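Novice: A structural model of the following input is requested.
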Amino acid sequence: MTLRNRAMATLASVAVFVLAVRAYPGGTDWDRAAVGHQFWANYLCDLTRGVALNGAANPLGSLLAQAGTIVLALGLFPLWWLLPHFFPSRFWLGMAVRFFGSIGAAGAIAVTLLPSDRFGSLHTVAIVLAGPPGLLAALLAVAGLTLEKRAPRILAAIGGAMLATGAVDFVLYVTHLEGNAPVIVAVLERVTAILLVGWMATASLRALRIT
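Specialist: Reported below is the predicted structural model:
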């Protein structure tokens, strides 16, 4: 896949995901009776449930959310292969980003294909296994972008912010696996998702400039 195609694939995945998360009937872990999608209180995984947390059927919304999340996860593959182009002098660092990033992206797809309302603990296991390689890939990518003098500073800044919020959120999630997680876990997940989408879009647009 050419650099331009990787950039276009990443942008397409962002667009599909943004369009796919609007049909959730409602309900959160903290307010089961809530109506509609609660931006800061719903986990992304909530949107993939066949029956929403408020008890309403969510057949179309769950399919759209699963499709959007899978497309976004698929978009991570070209992202991890795209980012090393911005630090070409660090070949092995770039290879490590692509290796661990691809594992993390595959894990994100597994998380989506194992929704919590149907697979319970397997969903949690998939999240716990997918998180570390994805975070490691982000750490290595941010290091490469920071060390490379010609790399766009904006990419290092967005990636660093995403890494920080994602790492804190992952630790909080893991430490509250038995329940009673604070709402900040959902908030940080959403902030991390926004930063990730921004990172994907910015990297793609920057790459398109040099093709």
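
Novice: going forward, measure contacts and count neighbours with C-alpha atoms only.
Specialist: OK.

Novice: so what's Leu129 up against?
Specialist: If a contact means CA atoms under 8 Å, 6 or more residues apart in numbering, then Leu129 has Gly107 as its contacts.

Novice: Following the chain onward from the least confident helix or strand in the chain by mean pLDDT, which element is next?
Specialist: For the chain, counting by mean pLDDT, DSSP states H and E, helix 3-19 ranks last in confidence among helices and strands (a mean of 69). Per DSSP states H and E, the first helix or strand lying C-terminal to helix 3-19 is helix 59-82.

Novice: which sections of the protein are below the confidence cut-off?
Specialist: Along the chain, the model assigns pLDDT under 70 to residues 1-3, 6, 9-10, 13-14, 16-21, 210-211.

Novice: Once you drop chain neighbours, what's closest to Leu136?
Specialist: Distances taken as CA to CA, 6 or more residues apart in numbering place Phe100 nearest to Leu136, at 6.8 Å, with adjacent residues excluded.

Novice: swap that for Gly144, please
Specialist: Closest to Gly144 by CA to CA, 6+ apart is Phe87, at 5.8 Å.

Novice: Please tell me I have it right and the one you found contacts Ala143.
Specialist: No. Judged on CA atoms under 8 Å, Phe87 makes no contact with Ala143 at a distance of 9.5 Å.

Novice: is it true that Ile109 touches Ala73?
Specialist: Yes. Counting by CA under 8 Å, Ile109 does reach Ala73; the two are 5.9 Å apart.

Novice: Among those two, which residue is more densely surrounded?
Specialist: Ala73 (26 against 19; other CA atoms under 10 Å).

Novice: What separation do you get for the residue nearest to Gly144 and Glu148?
Specialist: 5 Å (CA to CA, to the nearest Å).

Novice: between those two, who's got more neighbours?
Specialist: Phe87 (21 against 17).

Novice: contacting residues for that one?
Specialist: 94, 144-145, 147-148, 150-151.

Novice: In stretch 60-79, which residues have enough neighbours to count as buried?
Specialist: 61-79 (16 or more other CA atoms under 10 Å).
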